[in-house]
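In: Coordinates only, no sequence provided:
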């Protein structure tokens, strides 16, 4: 069964809207959460890393004020795209991680389309 | 810095045949893990196989095997007895595995596999 639950799976909304994406680890406590973004026909690129109870660290070029990450518990992390614009349209996917030497699983992803 | 290279943008294979997807990597980390994921058109990342850098034997998972050649820094995926459902995008990825830390995955650009009748 699924070890990571991510929703919503698909969002279409107007420019200027804020969108919240939730990621839950179901079978283990996720001390770290990785958020990736994938543009069409491209690979996954890391956006940010969060650790439970602390602030997220963002990759170069990712606006921390636009992509708000909250990792308040060991089973839930959220990514909020604030004031979304068409260029934010992408596939967002989370990957919680706990122990080493374990497969790193992913949520099913969220397709975000901003009109 | 870590780097993953997948030189095959697309591959075709006939049903029931075996296929090898290439992956080379570069890292200065003494301990690392190598992964292969399958991404169908629906988008989810499906974990296929994992190889630790200190594992002596090549990893196998059902029809998937990882041909790990550490000296050549390659980690090719072999899919045996291809099925139509294997048609998808395949990503090779790696992460640093220094003890006690959980590191991000670095991905290659992917290989699109098409299985034909």
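Out: Looks like it came in fine. Keep in mind that this is a model prediction, so the values were computed, not measured.

In: list the contacts for the residue nearest the centre of chain B?
Out: Nearest to the geometric centre of chain B sits residue B:36, at 3.1 Å (C-alpha atoms, centre = their mean). Counting by C-beta atoms under 8 Å, 6 or more residues apart in numbering or on different chains, residue B:36 touches B:21, B:23, B:48, B:49, B:64, B:66, B:75, B:77, B:90, B:91, B:92, B:93. For the C-beta atoms, the positions are set from N, CA and C on the backbone; glycine is no exception.

In: can you redo those as TSV with pLDDT?
Out: Converted to TSV, the contacts of residue B:36 look like this (pLDDT from 0 to 100):
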residue	pLDDT
B:21	98
B:23	98
B:48	96
B:49	96
B:64	98
B:66	98
B:75	98
B:77	98
B:90	98
B:91	98
B:92	98
B:93	97
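
In: Inside helices: which ones of the residues you listed?
Out: Counting by DSSP state H, no part of those is found in helices.

In: Nearest spatial neighbour of residue B:67, chain-adjacent residues omitted?
Out: residue B:76 (4.4 Å; C-beta to C-beta, 6 or more residues apart in numbering or on different chains).

In: so who does that neighbour touch?
Out: Applying C-beta under 8 Å, 6+ apart, the residues near residue B:76 are B:20, B:21, B:22, B:23, B:66, B:67.

In: Flag the shaky bits of chain B, pLDDT-wise.
Out: In the predicted model of chain B, residues B:99-102 satisfy pLDDT under 70.

In: and it, which of its residues are near chain A?
Out: Selection of chain B residues close to chain A by C-beta under 8 Å from any C-beta of the partner chain yields B:33, B:35, B:37, B:43-45, B:47, B:50, B:52, B:91, B:95, B:97, B:99-102, B:104-110.

In: Show the contacting residues for residue A:54.
Out: residue A:71.

In: how about it, secondary structure?
Out: coil (DSSP: H, G, I helix; E, B strand; the rest coil).

In: now swap in residue B:85 and tell me
Out: Classified using three-state DSSP, residue B:85 is helix.

In: Give the closest residue to it in space, chain neighbours not counted.
Out: Residue nearest to residue B:85 in three dimensions, not counting chain neighbours: residue B:115, with 7.8 Å by C-beta to C-beta, 6+ apart.

In: hang on, the earlier thing: from the contacts of residue B:76, which two are the most distant?
Out: B:22 and B:66 (11.9 Å; C-beta to C-beta).

In: Which residue of those two possesses the greater neighbour count?
Out: Shown here are residue B:22 and residue B:66; by other C-beta atoms under 10 Å in any protein chain shown, residue B:66 has more neighbours (24 against 17).
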